[in-house]
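S.K.: Any chance you can model this:
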Amino acid sequence: MDRIELIAPCHFGLEAVLKREIKDLGYDIVQVEDGRVTFAADLGGIARANLFLRTAERILLKIGSFKAVTFDELFEETRKLPWENYIPKNGKFWVKKASTARSRLHSAPDIQSIVKKAMVERLKGRYHVSWFEESGDDYPVRVFILKDQVTISLDTSGTPLHKRGYRKLVSEAPIRETLAAALLMLTPWNKDRILVDPFCGSGTFLIEAAMMGKRIAPGINRSFEAENWDFVPRKTWYAAADEAGDAVLEHVQMDLQGYDKNPQMLRIARENARDAEVDDLIHFQQREVKDLRHSKPYGFIIANPPYGERLEDRKDLPELYGQMREAFDRLDTWSKYVITSYEDAEKYLGKAARKRKVYNGMIRGEYLQYLGPKPPRREPR
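M.R.: Below is the predicted model:
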């Protein structure tokens, strides 16, 4: 099993960010589709991808792909796959999720049931048993069907990768860690530049920024499903963990500031930052956006302001976004990045230089980008 294919799902519209991350890890891209990137790796790539990719939702090991327009075809083609190379005799296996789009097979429960039956039939023949205890490690299976093309994979991550382990408490409208990291990567911000979040909530943007600046691998403090699988050598996990530990920058200075008008949210943000071991890099303070000021030029603002999802809150949005515009105008050399689903956002903030459609959970929004001037180049000493 020298060469495998891994599939990394991500937020729609942010495939290019994930593709760049994967290439930076040294792997070759096989295919880029809406919401997923497939790449070639060795077995060590399972550990490294889970540990290092900031914008992937999970890492799937591709078992096979084929065309199926009937349930009989789905059964027969699934049975042909070499499941015995992955799942041991006592393995616990089930089809955790089946999704389908623009295909003749569209019943997720039926797809799950048929794929499970086909796997059982294959493994019964290979292990010469009539039934399975399934008392061992978990091997969750995922099926994705697009235009009648079936892709079957094992979920190597288990718990989704956006759950880094540091965010035990969240705000009312939290932004996923993976989405926050991707939006940061779409900016020219780096650890030497000021970054302010005026609606910091539970602190996700700033914690992700601090981890990026300190080169802390996003999966360094959590476990993964495939750690227990026999065919993935234990030494690959040790090597990836050592690589992650060696990469961390111990002595880093960063100017990261988070503001929120809710003191409860600030308490949560501080606790999350402590759990992520970056609390020394972030300054949290109770402050409303109308009071946003900064003495230094050429900073960055990244914000996930209220959208007005609840009808009773929508009446407050014109005033809030007007206050944001006044604060933005005061910081005229700064670059500002705002994710919002408020349809009148540009009416109050001004026309964005760039914008990109993104989804925060099931909420469709836009990533508005207001680009400030580049700082003057420093004269060499």
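
S.K.: For residue 28, give its distance to residue 22.
M.R.: Look at residue 28 and residue 22: by CB to CB, to the nearest Å, they are 9 Å apart. Bear in mind the C-beta positions are built from the backbone N, C-alpha and C, glycine included.

S.K.: Return every residue with contacts to both of those two.
M.R.: Taking CB atoms under 8 Å, 6 or more residues apart in numbering as the criterion, residue 28 and residue 22 both touch residue 39.

S.K.: who's more crowded, these two?
M.R.: Neighbour totals were compared for residue 28 and residue 22, and residue 22 leads with 26 against 10 (other CB atoms under 10 Å).

S.K.: Need the nearest residue in space to that one, chain neighbours excluded.
M.R.: Nearest non-adjacent residue to residue 22, counting by CB to CB, 6 or more residues apart in numbering: residue 39, 5.0 Å away.

S.K.: ditto for residue 221
M.R.: residue 165 (4.6 Å).

S.K.: Would you confirm that that neighbour contacts residue 275?
M.R.: Yes: at 7.4 Å, residue 165 and residue 275 qualify as touching, with contact defined as CB atoms under 8 Å.

S.K.: ok, residue 185 - contacts?
M.R.: Residue 185 touches 17, 20-21, 54-55, counting by CB under 8 Å, 6+ apart.

S.K.: was I right about residue 371 contacting residue 355?
M.R.: No: counting by CB under 8 Å, residue 371 stays clear of residue 355, with 11.6 Å between them.

S.K.: joint contacts of these two?
M.R.: Contacts common to residue 371 and residue 355, judged by CB under 8 Å, 6+ apart, are absent.

S.K.: For the residue positioned nearest the centre of the chain, which non-adjacent residue is spatially closest?
M.R.: Residue closest to the mean C-alpha point of the chain, counted by CA atoms, centre = their mean, is residue 178 at 2.6 Å. Ranked by CB to CB, 6+ apart and with sequence neighbours excluded, the top spatial neighbour of residue 178 is residue 162, at 4.2 Å.

S.K.: what's the helix or strand for the one you found?
M.R.: Assessed by DSSP states H and E, residue 162 sits outside every helix and strand.

S.K.: And it, how far from residue 56?
M.R.: Distance from residue 162 to residue 56, by CB to CB: 9 Å.

S.K.: One more: residue 284?
M.R.: From residue 284 to residue 56 the distance is 28 Å (CB to CB).

S.K.: so who does residue 276 touch?
M.R.: With CB under 8 Å, 6+ apart, residue 276 has these contacts: 164, 166, 207, 210-211, 216.

S.K.: Which pLDDT value goes with the residue lying closest to residue 247 once chain neighbours are set aside?
M.R.: Sequence neighbours aside, residue 215 is the residue nearest to residue 247 in space, at 4.7 Å (criterion: CB to CB, 6+ apart). On the pLDDT scale, residue 215 is placed at 98.

S.K.: measure residue 215 to residue 45 for me?
M.R.: 19 Å.

S.K.: Tell me which of these two has more neighbours.
M.R.: residue 45 (24 against 14).

S.K.: what about that one, which helix or strand?
M.R.: Using DSSP H and E, residue 45 sits within helix 44-52.

S.K.: re the thing from before, comparing residue 284 and residue 56, which residue is more hemmed in?
M.R.: Shown here are residue 284 and residue 56; by other CB under 10 Å, residue 56 has more neighbours (30 against 22).

S.K.: Give me the secondary structure label for the closest residue to residue 357 other than its chain neighbours.
M.R.: With CB to CB, 6+ apart as the criterion, residue 357 has its nearest non-adjacent residue at 5.5 Å, and that residue is residue 13. Look at residue 13: counting by DSSP: H, G, I helix; E, B strand; the rest coil, its state is coil.

S.K.: Hmm, residue 364 and residue 13 touching each other?
M.R.: No: taking CB under 8 Å as the definition, residue 13 is not a contact partner of residue 364, at 10.0 Å.

S.K.: Flag the shaky bits of this protein, pLDDT-wise.
M.R.: 1, 169, 171-173, 308-312, 379-381 (pLDDT under 70).

S.K.: at 90 instead, please
M.R.: 1-2, 131, 167-174, 306-316, 359-364, 374-381 (pLDDT under 90).
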